[in-house]
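In: Here you go, sequence then predicted model.
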Amino acid sequence: MNKLAKFQKRLAKEYPSFKVEAKDDCLVLTGEANAYMDKVRAGQMAAKTHYFYGIINDIKLKGYKEKPIKAPSIKDKSLDGLKVDVLVVGGGVVGCAILRELSKYDCSALLVEKEEDLAMGASSRNDGCVHVGIDLHKGSKKLKYLIRARAFYEQMCKDLDVPYHQDGQSVGFTNAWLRLPVGIFMRHQAKANRVPGGAIVMGRKKFMKIEPRLADDIKFGVYLPGGACTSPYELTVALGESAVKNGARVSLSTIVESMKVENRKVVSVATNRGTIFPKVVINAAGTYSDVVADMMGDRFFSIHPRKGTDSILDKAAEPHLSKTSTTVYPKLGEYAKTHSKGGAVMPTAERNALVGPDAVEVPDREDYSTARESVNAVFAKQQHIIRGLSQRDIITYFSGVRAATYEEDFVVQKGKWTSNAIEASGIQSPGLTAAPAIAQDVAKWAGEMLGLAKKKNWDPIRKGPIRTRELSDKERDELIKKNPAYGHIVCRCEEISEGEIVDAIHSLIPPTTVDGVKRRARAGMGRCQGGFCQPLVVSIMAREEKRDLLSIAKKGEGKLFFRHTKEDR
């Protein structure tokens with residue numbers, strides 16, 4: 001019996017209504033599922049065959065109508081007829097890293113993003129962890145690109161002037177008898193996966209010196225000194241700005257609606273802002289990457305969205321909490337086999353404490369809702385490792401959706417069927433860490449396809465915004481004398497000045513919403529979450545951009561701060 005027949009028999013036993021066929025080296029699943037997790041499990045079963053090139057899961061969920069993609073309302077011809085060498089679809093960290101690498105070449109490169117800003121999906125909705133890769137499988141693309149990226153990640157952050165803190169990562173265990181097998185396993189994994197700094201197994205007393213607030217349940221731990229964190233949204237914007245500085249272009253509020261493919265080649269791309277004619281198309285569309293791949297005639301994988309919820313704690317709680325990215329596992333098997341990192345308590349790049357995320361399979365690609373059950377579950381788990389962890393310290397929470405494939409690995413390659421397509425898809429954790437290395441290969445392939453030469457005057461340095469809160473008294477005094485706006489504090493929680501907000505408004509990729517300013521200048525990121533400073537930010541935006549106050553949204557389209565009163569009408 002061949003592999004297909006064996007899998008057909010196994011699938012029919014568990015899910016009689018599902019059908020499976022082999023098509024162009026891929027396993028295609030069809031049928032109707034009564035529950036969403038039945039569809040997911042069928043895809044996971046298919047992936048475990050390890051025989052087919054890819055898994056295409058077209059099983060429908062009974063009674064469920066997929067929500068339409070969130071699309072910009074704008075319709076114009078600003079890009080109509082534009083010819084470019086390379087078109088990048090998606091403005092997350094992977095897309096922006098690719099655009100920056102492309103800007104090293106003598107070519108025209110354009111990135112289109114359907115949202116009103118960069119880093120609006122998973123690239124801003126994650127914990128900012130720069131992973132060490134100890135849990136990754138040998139031979140996976142995840143491990144390959146993580147190892148390469150870690151070699152230059154810190155220098156890249158310095159070049160881009162974004163935060164980078166090497167706090168380390170820790171794993172706590174509640175069963176003392178596991179210390180010997182855990183030690184053997186972790187040291188082996190650290191060596192095999194080239195983990196920076198290795199893995200140090202230590203008893204509770206020594207572990208307490210690294211994590212003074214350890215809960216009583218923790219018997220021993222593993223310390224990974226190479227672990228670090230960055231600001232994911234700041235990094236994404238910085239990558240984009242670096243690319244623009246070096247000649248690339250970014251078009252926001254631009255959605256890809258369809259593609260024309262002839263003779264296995266994309267010849268044109270229709271958007272809400274006109275038709276673009278690219279020579280090479282790069283798919284970095286996140287949770288919609290399989291949809292874009294289908295437009296390109298190059299779909300050989302499926303995305304099953306996986307949502308995770310994080311909570312941000314008040315900075316006042318940080319001194320009493322985790323000093324590293326710390327998580328807990330009662331069993332070694334739980335650590336070795338999970339598809340998720342399992343959540344953690346960790347300091348963010350901004351020095352708040354973050355708790356999360358969890359991992360929940362969802363059918364909606366843009367399901368950013370938060371549920372009390374998720375927050376409760378994460379806190380219940382992490383309270384076993386850190387004393388003093390309390391939901392009372394939460395100042396905000398958010399959810400992100402990971403673009404997981406059924407193979408649980410990145411899809412980074414030249415197109416399988418479409419000659420001028422490149423896939424940078426299925427990027428989930430550790431995508432933030434791996435993105436710069438993924439970008440190197442993708443840009444190199446595009447360069448080879450087009451015969452491109454590298455620029456001699458490419459500049460890796462991007463000067464970040466002034467951060468007055470990090471200046472000495474003398475430096476701040478001198479700055480204020482030159483520009484008094486830096487002495488006017490708008491956001492008291494984060495100590496953000498008017499000058500910093502003005503700088504954000506006039507940056508290389510200027511924000512169009514209050515949340516866009518927030519991502520660049522941190523105004524509104526503190527305890528009150530903009531309760532006091534948002535009206536001031538709106539007024540500064542209106543003044544600097546010469547806009548009506550009523551036209552300024554917090555995020556997206558139509559979400560206004562102000563409305564006319566009855567007397568005004």
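Out: Cool, the structure landed. Numbering: from 1, shown residues only.

In: all contacts plus neighbour counts: C-alpha atoms, from now on.
Out: OK.

In: tell me the secondary structure for L146?
Out: Secondary structure assignment for L146 (DSSP: H, G, I helix; E, B strand; the rest coil): helix.

In: Distance check, it against T327.
Out: In this view, L146 and T327 are 20 Å apart by Cα to Cα, to the nearest Å.

In: Repeat that for N272.
Out: 44 Å.

In: How about Q428?
Out: Taking Cα to Cα, one finds Q428 at 19 Å from T327.

In: and if you look at Q529?
Out: Relative to T327, and taking Cα to Cα, Q529 is found at 27 Å.

In: Which one's more surrounded, these two?
Out: Applying other Cα atoms under 10 Å to Q529 and T327 shows that T327 carries more neighbours, namely 26 against 18.

In: quick one: that one and G356 touch, right?
Out: No. Judged on Cα atoms under 8 Å, T327 makes no contact with G356 at a distance of 9.4 Å.

In: Pull out the buried residues from stretch 192-199.
Out: Residues of stretch 192-199 classed as buried: N193, V195, P196, G198, A199 (neighbour count, 16 or more other Cα atoms under 10 Å).

In: Nearest to K279 among those?
Out: If you rank these by distance to K279 using Cα to Cα, N193 comes first, at 37.1 Å.

In: Would you mind giving both backbone torsions of the closest one?
Out: phi -100, psi 10 (degrees, to the nearest 10).

In: now F207
Out: phi -60, psi -30.

In: ok, now which ones touch it?
Out: F220, G221, Y223 (Cα atoms under 8 Å, 6 or more residues apart in numbering).

In: Could I get the pLDDT score of it?
Out: Note for F207: predicted pLDDT of 91.

In: how far away is it from T326?
Out: For F207, the distance to T326 - Cα to Cα - is 11 Å.

In: Tell me where the model's unsure across the chain.
Out: Along the chain, the parts satisfying pLDDT under 70 run over 1, 318-322, 329-342, 558-569.

In: Let's see that with 80 instead.
Out: 1, 317-343, 384, 557-569 (pLDDT under 80).

In: Show me it divided up by domain.
Out: According to automatic domain parsing, the chain comprises the domains 3-61, 67-162+227-302+406-464, 169-225+306-398, 468-551.

In: which residues are contacting stretch 209-224?
Out: The contact list for stretch 209-224, computed with Cα under 8 Å, 6+ apart, reads 132, 168-176, 179, 183, 186, 196-204, 207-208, 320-324, 383-388.

In: What subset of those residues is buried?
Out: Buried, going by 16+ other Cα under 10 Å: 132, 168-174, 179, 183, 186, 196, 198-202, 204, 207-208, 320-324, 383-387, out of the contacts of stretch 209-224.

In: G356 reaches G343, doesn't it?
Out: Yes. Here G356 reaches G343: they are 4.4 Å apart, a contact under Cα under 8 Å.

In: Give the residues shared as contacts by the two.
Out: Contact criterion Cα under 8 Å, 6+ apart; residues shared by G356 and G343: V378.

In: Settle it for me: which of the two has more neighbours?
Out: It is G356, of G356 and G343, that has more neighbours when counted by other Cα under 10 Å, with 28 against 24.

In: which strand residues sit across from I55 in the sheet?
Out: I55 has the following beta-bridge partners by DSSP bridges: L27.

In: separation between it and M541?
Out: From I55 to M541 the distance is 47 Å (Cα to Cα).

In: check which helix or strand covers the residue nearest in space to the middle of the chain.
Out: Central residue of the chain (Cα atoms, centre = their mean): S123, 2.6 Å from the mean position. Under the criterion DSSP states H and E, no helix or strand holds S123.
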